[in-house]
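Enquirer: Sequence and computational prediction follow.
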Amino acid sequence: MTLVVPKAMARSMKAHGCEGYPEEVCGVLLGRIRRPRGMTVRELVAVHRAGNLAQDRSSDRYLLDPVDYLNAEDEARNLGLEVIGVYHTHPDHPCAPSETDRQQAEQIWGELESWSYVIMEVTADGVSSWRSWVLRGGRFSEEEIQS
Amino acid sequence: MTCTVRIPTPLRHLAGGRDAVEVADGTVADVLDHLDRECDGIHDRIRDDGGSVRRFVNVFVDGDDIRTLEGLSTVVREGAVVSIVPAIAGGAPDWRACLEELKSTVPQVTVAEVRSMRERGEDFVLIDVREAEENRRGRIPGGQHISRGFLEMKIEEAVPDHGAKIVVHCAGGVRSLLAAQSLRRLGYADVSSMAGGFEQWQRDGLPVEVPAGLDEADMDRYQRHISIPEVGVQGQVKLLESRVLLIGAGGLGCPAGYYLAAAGVGTIGIVDGDVVDLTNLQRQILHTADRVGMAKTESARRTLVALNPGIEVVPIHQRLTSANVGEIFDGWDLVVDGSDNFPTRYLVNDACVKFGIPCVHGSVYRFEGQVTVFKTPEGPCYRCLYPEPPPPGMAPSCADAGVLGVLPGVIGLLEAVEAVKLILGLGDTLVGRLLQYDALRAEFRELRIRRDPNCAYCAEGVEFPGFIDYEHFCASSHSTVSV
């Protein structure tokens, strides 16, 4: 599994993370999926920022605004793309999926293979690291980011 | 009559890959029932066993959440768009989850395992990551202490080998999990956390050591010393256990004594037979205007104890003589000579040679001063330099010649530095070197001074000739005024 992230998209996501710090931010990733030789390669084409509705705990929770999700789906259809994942930040925490992330993702995907979950560790100094994860069989495994 | 149901990406595999499905309209409940018939398996992803919409699914009708409308009874008109939207949520780890995750990812060893690793002579580094205060109250012998807050900064210095086997412990085993995880991130391959920590170690009755001599207040007072690796707790304990005798509470003895007291020299003796005079206050900083007429030893004691109540100050309000020097010099580790009269200097020198006590020597004259350490047999004594006192008029006292008030401060503090170095066994002392300071030129010069192989007092094999009549010996220099 590989997520291909053009540099401009990486900058856009990271800028969003920094702007939101110390709150968590989230957004939707639009792109294309290729499956060369049985591999799954998601190519990021556009980043769609979304609101975080978890206002009461926005420093350590996110709840992606469903209206923004719908808009992202619309945008994807208009651009001939699809939703290939979501991203969110972990302010001052490592960019590994939390148990909360896992449980929420499992609610959506069950035993299926999920889209990409990009997590960025953000501090006052900026995004210190970022990784991408895919849920399969209820467990997250890391996928390669090509940027 | 139909409406459109928009299918989100995560559910499209249940809709044959379609992003929208046309179904008959009605209420939202009706529409979802129709959708169930179109897309096998989608029911369970949207609704629970009771038929309600699952908590993590949102249903919108033309852009409005049905929770804000009539719920499942909301009427869907012809041509309307019903959107199924998964609740996409998550967040940074909360503490409980984080701890569980740490426990599952960081290797842990038991106290018993650590003990048997030691018994087997296994090569590993035990690091205590508790706060300094906790470490002070008791620690595992042979462990290294690096507070959690400094761990990442100090670990490379403490354990340069990233392949070294490391066991970290804290009080109860939680902070050490975080510490171990951090070390693993830094590239240390073999790091484990001791489950149960120091408390379990104690409960198991295993040996614990408590650093001697320093209580909580001392640890705070001397924190800046303790932070210096060359001093540390052990060095501070040495200082507190040391006994330094000041000869004179005058221009040199005052600054030297003040800083030695601040540094925590545990016992400071002060020999001086004089009383405070108004002319002293231009440089003798332990005394105050309201103490004019008071014994200098008592005035000095009050100031030193006010600065550091944890030390003992022994006032000896006597003039040092051949008759009392044996008694007065008994039991001191070090002498700091702040006298400026020759009879006392020769007497102090001879007594230090006789009793084997290192002597930090200082003297001042107008704008110049000098300092050295007389420590036989490693270096010369005062008599190696000056076998005889100078002729009358060649070495006037401060009372006669005057002295820049700040100068004895400089020289007295150089004496204090040498005293501390001697106590701690640090660095290169001024043994065999005479450091001269010219305040007007702002210059330091250093002269090498050697033992006189024919010195009447300290030459090898020479029997101590005994104390003499120093007043007579120095008949030309009768001044008794301290510097």
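Expert: Arrived safely, thanks for sending. A quick note: this is a predicted structure, and the numbers were derived from the prediction, not measured. Residues are numbered from 1 along each chain as shown, chains lettered A, B, ... in the order given.
Enquirer: Up against chain B, what does chain A have?
Expert: Within chain A, the positions adjacent to chain B are A:24, A:26, A:54, A:57, A:59-64, A:66-67, A:69-70, A:73, A:77, A:82-83, A:86, A:88, A:90-93, A:97-101, A:104-105, A:107-110, A:112, A:114-115, A:117 by Cβ under 8 Å from any Cβ of the partner chain. The C-beta positions use only the backbone N, C-alpha and C, and glycine is treated the same way.
Enquirer: Mind checking which of those residues are buried?
Expert: A:24, A:26, A:54, A:60-64, A:66-67, A:69-70, A:73, A:82-83, A:86, A:88, A:90-91, A:93, A:97-101, A:104-105, A:107-109, A:114-115, A:117 (16 or more other Cβ atoms under 10 Å in any protein chain shown).
Enquirer: Now, those residues that are in helices?
Expert: Here DSSP state H is the test, and those give A:66-67, A:69-70, A:73, A:99-101, A:104-105, A:107-109 as lying in helices.
Enquirer: Give me the contacts around the helix or strand hosting B:Asn58.
Expert: Using DSSP states H and E, B:Asn58 maps to strand B:57-61. If you take Cβ atoms under 8 Å, 6 or more residues apart in numbering or on different chains as the criterion, strand B:57-61 is touched by A:66-67, A:70, B:28, B:32, B:45-46, B:53, B:65-67, B:69, B:74, B:76, B:80-87.
Enquirer: give the contact list for whatever residue of the stretch 351-483 of chain B ends up closest to chain A.
Expert: When scored by Cβ to the nearest Cβ, the stretch 351-483 of chain B has B:Leu426 as its residue closest to chain A, at 39.2 Å. By Cβ under 8 Å, 6+ apart, the contact set of B:Leu426 is B:Glu230, B:Val231, B:Gly235, B:Val420.
Enquirer: Quick check: the third one vs B:Gly264, distance?
Expert: What that stands for is B:Gly235. Going from B:Gly235 to B:Gly264 by Cβ to Cβ, to the nearest Å gives 10 Å.
Enquirer: Need the overlap of contacts for the two.
Expert: In terms of Cβ under 8 Å, 6+ apart, B:Gly235 and B:Gly264 are both contacted by the residues B:His225.
Enquirer: is it true that A:Ala46 lies in a strand?
Expert: Yes - counting by DSSP: H, G, I helix; E, B strand; the rest coil, A:Ala46 is part of a strand.
Enquirer: Pretty sure it sits against A:Leu81.
Expert: Yes - judged on Cβ atoms under 8 Å, A:Ala46 makes contact with A:Leu81 at a distance of 6.7 Å.
Enquirer: and for these two, which residues touch both?
Expert: In contact with both A:Ala46 and A:Leu81: A:Leu30, A:Gly31, A:Glu75, using Cβ under 8 Å, 6+ apart.
Enquirer: per-residue pLDDT, the last one?
Expert: Looking back up the chat, that one is A:Glu75. For A:Glu75, the pLDDT comes out at 93.
Enquirer: For it, list the residues it contacts.
Expert: By Cβ under 8 Å, 6+ apart, the contact set of A:Glu75 is A:Leu30, A:Ala46, A:His48, A:Leu81.
Enquirer: Highest neighbour count among the residues you listed?
Expert: Counting neighbours by other Cβ atoms under 10 Å in any protein chain shown, the top entry in the contacts of A:Glu75 is A:Leu30, with 22 neighbours.
Enquirer: now chain A, which segments are flagged as low pLDDT?
Expert: Along chain A, segments meeting pLDDT under 70 are nowhere present.
Enquirer: any idea where the strands of it begin and end?
Expert: With DSSP state E as the criterion, chain A has strands at A:2-4, A:26-34, A:41-50, A:62-63, A:82-91, A:116-123, A:126-136, A:139-146.
Enquirer: Can you tell me which of the ones you listed is most buried?
Expert: Greatest average neighbour count among the strands of chain A goes to strand A:62-63 (a mean of 26), per mean count of other Cβ atoms under 10 Å in any protein chain shown.
Enquirer: Please name every helix or strand in contact with that one.
Expert: Applying 3 or more Cβ pairs under 8 Å, 6 or more residues apart in numbering or on different chains; DSSP states H and E, we find strand A:62-63 packed against strand B:89-90.
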